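Need coordinates for the below:
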Amino acid sequence: MAHFITCSEFRFVYIIRYSEIALKGPRARSQMESRLISNLKASLVSRGVDFSFSKEPGRIFLDSNGSAAEVEDAVSRVFGVKSISEAVSIEFTSKAEIIGKAVELFSEGVRGKKFAVRVRRSGSHTFTSRDLEEQIGNELFQISAGVDLVRPDFTCYLEVRNNRCFFYSSIHSGPGGLPLGSEGKLVSLMSGGIDSPVAAWMMLRRGCPVDAIFLALAHPVDTSQFLNQFLKLYDNWYFGYNPTVYVVDGTEAVERLTDGKSFRFPNVTFKKILYRLAEKIAEKEHFYGIVTGESMGQVSSQTAENLFALSRSVHHNILRPLVGMDKDEITETCRRIGTFPESSLGEFCALFSAEPITKISLDDLESEIVPDELLVKMLEKSVALKGSQIREFLAGIEARDTRLSEPRGGETVIDLRRKEDYRAWHFPGAINVRLPDLKSMGDLLRNPRGVILYCSKGLQSAAGAAILSQMGIEARYTSTEYLKKKADSPQVTDSL
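The predicted structure is shown next:
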């Protein structure tokens with residue numbers, strides 16, 4: 001923010017405001033103020049900014065040598081902060097001194113513009129806020145384009161607190177809510193999509209430390225994509241807490257969900273598996289609730305009937321902060337908080353069920369037995385990472401990415417899509433294979449030139465590449481879109 005005046009005789013300070021904290025009782029309020037200041041320090045330290053704090057009822061004051069842009073960005077990413085303003089601070093002995101300083105500070109900002117004066121006051125004084133607004137307005141009126149109290153071009157803000165007065169011309173919004181760490185900890189079921197990071201952010205905003213569970217269906221490819229997205233949340237919003245991310249191996253779950261015989265309602269049972277995994281972690285680590293990114297009616301597994309049945313499948317508290325939001329609202333929030341995914345490998349939902357059930361009964365879901373040994377086995381293969389360890393972990397798994405960069409020629413090409421999609425279009429010479437059948441075809445796919453697998457967006461083919469790689473077969477994955485472009489090149493088509 002540009003200063004509304006540049007003069008060395010005045011002291012610049014940042015006013016940090018909060019709202020909900022002020023409604024708490026004395027003890028809770030004091031604890032939350034201390035937590036808020038601690039989190040503010042963590043945010044400022046991450047940017048290498050020097051600082052010192054002081055506080056008065058309802059206000060925290062920050063002195064810093066950092067640029068206004070640096071400080072405002074750091075403060076506005078700390079939960080509990082309602083707003084921040086860069087202000088000039090003076091001590092005064094009379095009303096006339098306040099008026100004189102206001103005219104000196106605001107004249108250039110007001111000149112030729114429609115303006116307003118807003119005054120807030122606390123303490124005992126011989127004047128009212130209205131007195132100051134009228135008299136400062138009268139002094140500035142002659143150089144302005146007039147007063148506009150509804151939509152002014154420039155606003156002169158004053159905050160009088162006992163014998164100090166703060167002058168500022170802008171208010172920068174913060175996220176509001178409660179300081180992170182002031183409420184009980186939760187664990188969030190998260191993916192690399194749009195919804196679940198927003199759900200986690202909303203609970204962080206309510207003061208809850210939120211750890212994350214990610215079910216890797218095509219490790220290391222989808223794990224890498226998720227962790228890179230989670231870093232956007234961690235780097236920008238987790239000040240005051242170092243979360244744990246549980247990366248769970250979901251390979252066997254995918255095999256059972258797609259084999260056509262283990263489960264009758266795989267689209268809902270997939271969610272049941274996620275819930276049960278989260279519950280086991282929550283019980284062990286003493287979380288007070290499981291957060292999901294579910295929104296009413298958004299997909300087949302998120303109908304009122306399915307959500308009711310799923311909630312009854314576990315004993316733990318399920319929190320759905322997005323349940324009443326539509327996709328546009330969620331997407332807008334996702335962009336605003338900076339977690340919108342740059343790319344997507346797609347979803348497994350269509351693979352789990354061509355005709356998903358939308359109104360499952362409690363009895364039907366209960367009949368979908370998820371073996372406890374499956375969950376235990378999956379958790380035994382899980383990796384627990386602290387947020388501060390993610391980048392180091394990523395450096396190791398990104399080197400193992402099996403994405404197809406360019407066909408070499410002579411590879412076996414596998415189309416993992418549904419038969420109807422394959423018939424509508426497939427890459428010349430591609431073999432249509434279901435993901436569950438890849439293991440049984442392993443020996444037939446042993447090609448010294450390797451194997452290329454593709455699906456609609458890449459998630460299923462990445463999972464297939466992982467399966468074949470574990471069998472010692474060189475395999476790379478890609479999307480239909482990529483191979484459609486390659487199909488237009490006679491040289492590539494002939495070589496394959």
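
where exactly do the helices run in the stretch 151-300 of the chain?
Counting by DSSP state H, counting those that start in this stretch, one finds helices in the stretch 151-300 of the chain at the ranges 195-204, 221-237, 251-257, 266-285.

of all those helices, which lies closest to G442?
Distance to G442, taken as C-beta to C-beta, is lowest for helix 251-257 among the helices of the stretch 151-300 of the chain, at 13.7 Å. In this view, the C-beta of every residue, glycine as well, is placed from N, C-alpha and C.

Determine the set of other helices and strands touching the closest one.
helix 266-285, helix 372-380, helix 459-470 (3 or more C-beta pairs under 8 Å, 6 or more residues apart in numbering; DSSP states H and E).

show me what contacts the residue nearest to the spatial centre of the chain?
Central residue of the chain (C-alpha atoms, centre = their mean): P197, 3.6 Å from the mean position. Taking C-beta atoms under 8 Å, 6 or more residues apart in numbering, we find P197 in contact with M190, Q229, F230, K232, L233, G293, C334, I337, T339.

Repeat the analysis, applying 6 Å as the threshold.
By C-beta atoms under 6 Å, 6 or more residues apart in numbering, the residues touching P197 are L233, T339.

Over to I290?
Contacts of I290 by C-beta under 6 Å, 6+ apart are V187, A278, A282, H316, I318.

looking at the helices and strands packed on helix 251-257, which is buried most?
helix 459-470 (a mean of 24; mean count of other C-beta atoms under 10 Å).

Quick one: low-confidence residue ranges for this structure.
Within the chain, the segments meeting pLDDT under 70 span 1-10, 346-354, 488-496.

buried stuff in the helix or strand encompassing G137?
Assigned by DSSP states H and E, G137 belongs to helix 129-141. Neighbour counts over helix 129-141 (16 or more other C-beta atoms under 10 Å) mark S129, L132, E133, Q135, I136, G137, E139, L140 as buried.

The third one contacts V117, doesn't it?
Yes - if you go by C-beta atoms under 6 Å, E133 and V117 touch, sitting 4.6 Å apart.

Specify which member of the contacts of I290 is nearest to Y246.
Distances from Y246 to the contacts of I290, taken by C-beta to C-beta, are shortest for V187, at 7.9 Å.

burial count for that closest one?
25 (other C-beta atoms under 10 Å).

so what's it up against?
D211, I213, A278, I281, A282, F287, I290.

try it again with 8 Å
Counted by C-beta under 8 Å, 6+ apart, V187 has contacts 210-213, 246, 278, 281-282, 285, 287, 289-291.

biggest separation within these, which pair?
Y246 and G289 (15.6 Å).

I'd like the helices of the stretch 151-300 of the chain laid out as JSON lines, including distance to S38.
Below are the helices of the stretch 151-300 of the chain laid out as JSON lines (distance: least, C-beta to C-beta, whole Å):
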{"stretch": "helix 195-204", "distance to S38": "15"}
{"stretch": "helix 221-237", "distance to S38": "15"}
{"stretch": "helix 251-257", "distance to S38": "40"}
{"stretch": "helix 266-285", "distance to S38": "23"}
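
For G181, find the nearest of the ones you listed.
Nearest to G181, of the helices of the stretch 151-300 of the chain and by C-beta to C-beta, is helix 195-204 at 9.9 Å.

could you measure T412 against S94, distance?
88 Å (C-beta to C-beta, to the nearest Å).

quick one, which of these two is more surrounded?
More crowded of T412 and S94, by other C-beta under 10 Å: T412, with 19 against 10.

What about Q142, how many residues nearby?
So Q142, with other C-beta under 10 Å, has 7 neighbours.

now swap in E91 and tell me
By other C-beta under 10 Å, neighbour count at E91 equals 10.

which residues sit in contact with the nearest residue to K185 once chain neighbours are set aside?
Counting by C-beta to C-beta, 6 or more residues apart in numbering, the nearest residue to K185 once its immediate chain neighbours are dropped is P209, at 4.3 Å. Shown in contact with P209 (C-beta under 8 Å, 6+ apart): L180, G181, K185, L186, Y241, P243.

for V147, same thing?
K114, F115, A116, G137, F141.

make it 6 Å
So V147 contacts nothing (C-beta under 6 Å, 6+ apart).

Can you tell me how far it is from A96?
In terms of C-beta to C-beta, V147 sits 22 Å off from A96.

same deal with T258?
80 Å.

Could you export the contacts of V187 as JSON lines, including distance to L435?
Putting the contacts of V187 into JSON lines (distance: C-beta to C-beta, whole Å) gives the following:
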{"residue": "V210", "distance to L435": "32"}
{"residue": "D211", "distance to L435": "30"}
{"residue": "A212", "distance to L435": "26"}
{"residue": "I213", "distance to L435": "23"}
{"residue": "Y246", "distance to L435": "25"}
{"residue": "A278", "distance to L435": "25"}
{"residue": "I281", "distance to L435": "27"}
{"residue": "A282", "distance to L435": "30"}
{"residue": "E285", "distance to L435": "32"}
{"residue": "F287", "distance to L435": "33"}
{"residue": "G289", "distance to L435": "34"}
{"residue": "I290", "distance to L435": "28"}
{"residue": "V291", "distance to L435": "29"}
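
how about the strands of the stretch 1-150 of the chain, start to end?
Remark: strands assigned in the stretch 1-150 of the chain by DSSP state E, counting those that start in this stretch are 11-17, 51-56, 59-64, 83-91, 114-122, 146-147.

Which one of those lies nearest to E355?
Comparing these by C-beta to C-beta, strand 83-91 comes nearest, at 50.6 Å.

quick revisit: reformat the helices and strands packed on helix 251-257 as a markdown table; add distance to V13.
Converted to a markdown table, the helices and strands packed on helix 251-257 look like this (distance: least, C-beta to C-beta, whole Å):
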| stretch | distance to V13 |
| --- | --- |
| helix 266-285 | 41 |
| helix 372-380 | 51 |
| helix 459-470 | 51 |
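
Looking at these, which is nearest to Q302?
Per C-beta to C-beta, nearest to Q302 of the helices and strands packed on helix 251-257: helix 266-285, 8.6 Å.

can you pull up the bridge partners for I414?
Partner residues in beta bridges with I414, using DSSP bridges, are I431, L453.

Compute the number of surrounding residues for V45.
V45: 13 neighbours (other C-beta under 10 Å).

where's it relative to G25, distance?
Counting by C-beta to C-beta, the gap from V45 to G25 is 30 Å.

and if you look at Q225?
Distance from Q225 to G25, by C-beta to C-beta: 45 Å.

returning to what we had before: list just the nearest of the buried residues of helix 129-141 to K101.
Nearest member of those to K101, counting by C-beta to C-beta, is I136, at 9.7 Å.

hang on, isn't the closest one packed against A102?
Yes - using C-beta under 6 Å, I136 is in contact with A102, at 4.7 Å.

end-to-end on stretch 78-88?
23 Å (C-alpha to C-alpha, to the nearest Å).

Pull out the buried positions in it.
V78, F79, G80, V81, K82, S83, I84, S85, E86, A87, V88.

What does L319 show for phi and psi?
phi -110, psi 130 (degrees, to the nearest 10).

Surely it and G289 touch.
Yes - contact criterion C-beta under 6 Å: L319 and G289 qualify, at 4.7 Å.

can I assume P448 sits in a helix?
No - counting by DSSP: H, G, I helix; E, B strand; the rest coil, P448 falls outside a helix, being coil.
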